[in-house]
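K.L.:
this one's structure only:
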């Protein structure tokens with residue numbers, strides 16, 4: 001049995017039970033509570049191995065873990081933090097060894113993303129945002145992580161006029177921090193976030209448009225001034241962050257196709273040595289597709305996380321996060337992906353968690 005899995009059941013303890021019991025009933029779109037994996041065992045992409053995995057989220061026997069995000073302490077990368085959602089019950093913060101740093105019960109957070117350098121009381125903090133569809137926090141739920149203590153606190157709520165808040169990503173447009181949130185009907189809102197006179201968050205809608213059908217995963221490239229959005233049954237699109245550009249868009253990849261098997265789920269960007277890599281979760285065949293997008297869009301291959309080293313394979317995958325550069329034991333960068341079924345020998349019941357994969361291993365496998 002993998003060391004982290006052995007650690008997991010004991011490490012979560014009261015926090016897991018607390019999270020599992022705090023979900024609030026809310027409207028649902030495609031959500032059935034069932035696993036997305038449909039019994040899939042091995043992805044079709046070039047095989048890579050996970051180097052580590054997190055403790056499973058507290059909610060068992062349900063589709064619960066969804067989306068990760070990564071914060072790196074560049075002064076001491078060993079202090080870096082991985083956030084992950086339990087969309088039935090709350091938000092987790094994990095250490096790089098996969099153990100739980102903090103469990104924040106409440107709500108139904110689906111996607112999570114973050115940006116550092118957000119000023120609160122004259123100090124730069126990490127702005128963490130989740131899309132939440134529970135009745136008592138329906139919209140964008142904002143958290144603040146103190147980089148000095150690595151502790152995260154809930155900051156406030158920005159309501160949104162969506163049928164059901166679903167996908168979410170965070171970035172900057174110029175000096176403004178923005179959150180892009182979408183709904184199960186394909187509607188998208190681009191919201192600027194600031195601090196009000198009372199110290200609470202203020203959200204200003206900069207832009208609204210309709211992707212066309214169910215959408216979720218998104219990721220912002222602030223240097224290029226664009227956002228990539230996954231339309232689950234149809235592919236990946238690129239939109240401008242400029243409000244004056246409206247809903248004009250460019251197709252990056254179509255689904256279903258040889259490189260994307262619906263649902264198209266999580267999206268992530270990784271920037272390294274002048275190259276920008278876009279990654280997409282291809283849930284229908286448990287694979288991850290990669291394009292280079294800093295120039296003409298170029299498809300570069302697919303990978304799947306297979307069983308090995310005491311860690312089970314990734315199946316029915318959902319969210320993905322990526323970052324380049326030294327982070328703990330990952331000298332070139334880290335990819336974190338959701339696993340729909342976290343298999344533990346001798347256990348019963350379904351659990352979900354997040355797998356950690358070195359960027360170097362992916363580059364070597366695909367010849368990038």
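P.N.:
Cool, got the structure. Owing to the predicted nature of the structure, the values given are computational and were not obtained by experimental measurement.
K.L.:
quick one: contacts for the nearest residue to residue 367 once chain neighbours are set aside?
P.N.:
In space, residue 367 comes closest to residue 301 once its chain neighbours are excluded; the distance is 7.8 Å by Cβ to Cβ, 6 or more residues apart in numbering. Yep, even glycine has a C-beta here, placed from its N, CA and C like the rest. Residues near residue 301 by Cβ atoms under 8 Å, 6 or more residues apart in numbering: 45, 46, 289, 290, 366, 367, 368.
K.L.:
The fourth one belongs to a strand?
P.N.:
Yes. Under DSSP: H, G, I helix; E, B strand; the rest coil, residue 290 falls within a strand.
K.L.:
Could you give the number of residues near it?
P.N.:
24 (other Cβ atoms under 10 Å).
K.L.:
pretty sure it is in contact with residue 304, am I right?
P.N.:
No. In this structure residue 290 lies outside contact range of residue 304 using Cβ atoms under 8 Å: 12.0 Å.
K.L.:
list residues touching both of the two?
P.N.:
In contact with both residue 290 and residue 304: no residue, using Cβ under 8 Å, 6+ apart.
K.L.:
Identify each buried residue in the helix or strand hosting residue 301, please.
P.N.:
Per DSSP states H and E, residue 301 falls inside strand 298-306. Within strand 298-306, the residues that count as buried by 16 or more other Cβ atoms under 10 Å are 301, 302, 303, 304, 305, 306.
K.L.:
Need the per-residue pLDDT for the residue nearest to residue 367.
P.N.:
pLDDT for residue 301: 98.
K.L.:
any idea what sits nearest residue 213, other than its immediate chain neighbours?
P.N.:
Spatial nearest neighbour of residue 213, excluding adjacent residues (Cβ to Cβ, 6+ apart): residue 186 at 5.0 Å.
K.L.:
From residue 238, how far off is that neighbour?
P.N.:
16 Å (Cβ to Cβ, to the nearest Å).
K.L.:
same check, this time on residue 84
P.N.:
In terms of Cβ to Cβ, residue 84 sits 26 Å off from residue 238.
K.L.:
Looking at the two, which has the bigger crowd around it?
P.N.:
Just comparing residue 84 and residue 238: by other Cβ under 10 Å the higher neighbour count belongs to residue 84, 26 against 18.
K.L.:
Confirm that that one sits in a helix.
P.N.:
No. Read with three-state DSSP, residue 84 is strand and lies in no helix.
K.L.:
That one contacts residue 57, doesn't it?
P.N.:
Yes. If you go by Cβ under 8 Å, residue 84 and residue 57 touch, sitting 6.9 Å apart.
K.L.:
which residues touch residue 363?
P.N.:
residue 332.
K.L.:
Tell me which helix or strand it sits in.
P.N.:
helix 359-366.
K.L.:
So for that helix, what gets flagged as buried?
P.N.:
Buried residues in helix 359-366 (16+ other Cβ under 10 Å): 359, 361, 362, 363, 365.
K.L.:
Give me the distance from it to the chain's centre.
P.N.:
Relative to the centre of its chain, helix 359-366 is centred 21 Å away, using Cα atoms, centre = their mean, to the nearest Å.
K.L.:
ok, now stretch 214-234?
P.N.:
That offset, for stretch 214-234, works out to 12 Å (Cα atoms, centre = their mean).
K.L.:
likewise stretch 196-209?
P.N.:
22 Å.
K.L.:
Can you list the buried residues in that stretch?
P.N.:
Across stretch 196-209, burial judged by 16+ other Cβ under 10 Å covers 201, 203, 206, 207, 208, 209.
K.L.:
I'd like the mean pLDDT over stretch 195-202, please.
P.N.:
Rounded mean pLDDT across stretch 195-202 is 96.
K.L.:
Same question for stretch 356-367.
P.N.:
Here the average pLDDT along stretch 356-367 is 98.
K.L.:
for stretch 243-250, same thing?
P.N.:
Computed over stretch 243-250, the average pLDDT equals 94.
K.L.:
next one: stretch 176-186
P.N.:
Per-residue scores along stretch 176-186 average to 97.
K.L.:
can you check stretch 219-233 too?
P.N.:
For stretch 219-233, mean pLDDT rounds to 98.
K.L.:
Next, the distance between the ends of it.
P.N.:
18 Å (Cα to Cα, to the nearest Å).
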